[in-house]
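Engineer: I'd like to go over a predicted model; first the sequence, then the structure.
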Amino acid sequence: MSEHNLANPRRYWKGKKFSEEHRQKLSEAKKGKSCTNGFQKGTLPWNKDKPTPCLWGSTNGLWKGGKCSSSLIWRNRVQNRLWRETCLERDDHKCQTCGNKEKLHVHHIKSWNDYPELRFEISNGQTLCISCHSTLHWKLKTEAKLVEQ
């Protein structure tokens, strides 16, 4: 066997036929052993007919007492959805940079965090596709780093 095949012995055996005797030995060695994932045909899972624990709300291990960030609350408001839909309609459901009509985001021209009074101003929204939106944010991030230096 070459060094290349020693690193991956399966490659060495690819396309080669095992003798009948070797196949019998492999078969005998496997008998009585379970599959690699722990399941065998005909066996029942450990949780069959047991009640499924509810993993929502306070029974979930990640529950933090119903706390929610204020940003998430604001972003899920009806006002935000209406603002988004209005901006999309105004821009004819097209990216204002490349004209794409798929995977559209509405970008806040003035930052959501820095200008809370402009969050729902239609003039503060710009329709962009996901690609142009990420490019724009990358450029803004790069410019901010240059200003810091």
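Structural biologist: Good, I have the coordinates.
Engineer: Correct me if wrong, but residue 106 is in a helix.
Structural biologist: No. Counting by DSSP: H, G, I helix; E, B strand; the rest coil, residue 106 is not part of a helix but strand.
Engineer: who does it bridge with?
Structural biologist: residue 127 (DSSP bridges).
Engineer: What segments of the protein are helices?
Structural biologist: 3-7, 9-13, 20-30, 70-75, 78-90, 130-148 (DSSP state H).
Engineer: will you turn the ones you listed into JSON lines that also has mean pLDDT, distance to residue 53 and mean neighbour count?
Structural biologist: Yep, even glycine has a C-beta here, placed from its N, CA and C like the rest. Below are these laid out as JSON lines (pLDDT from 0 to 100; distance: least, CB to CB, whole Å; neighbours: other CB atoms under 10 Å):
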{"stretch": "helix 3-7", "mean pLDDT": "59", "distance to residue 53": "45", "mean neighbour count": "9"}
{"stretch": "helix 9-13", "mean pLDDT": "73", "distance to residue 53": "41", "mean neighbour count": "11"}
{"stretch": "helix 20-30", "mean pLDDT": "88", "distance to residue 53": "36", "mean neighbour count": "10"}
{"stretch": "helix 70-75", "mean pLDDT": "79", "distance to residue 53": "26", "mean neighbour count": "10"}
{"stretch": "helix 78-90", "mean pLDDT": "94", "distance to residue 53": "34", "mean neighbour count": "14"}
{"stretch": "helix 130-148", "mean pLDDT": "88", "distance to residue 53": "37", "mean neighbour count": "12"}
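Engineer: Which among these is found nearest to residue 113?
Structural biologist: Closest to residue 113 of the helices of the chain, according to CB to CB: helix 70-75, at 8.2 Å.
Engineer: tell me how far the closest one is from the chain's mean position?
Structural biologist: Taking CA atoms, centre = their mean, to the nearest Å, the mean C-alpha location of helix 70-75 is offset from the chain mean by 21 Å.
Engineer: next one: stretch 127-145
Structural biologist: Here the centre of stretch 127-145 is set off from its chain's centre by 20 Å, with CA atoms, centre = their mean.
Engineer: who touches that stretch?
Structural biologist: With contact meaning CB atoms under 8 Å, 6 or more residues apart in numbering, stretch 127-145 is reached by 87-88, 90-91, 93-98, 100, 102-107.
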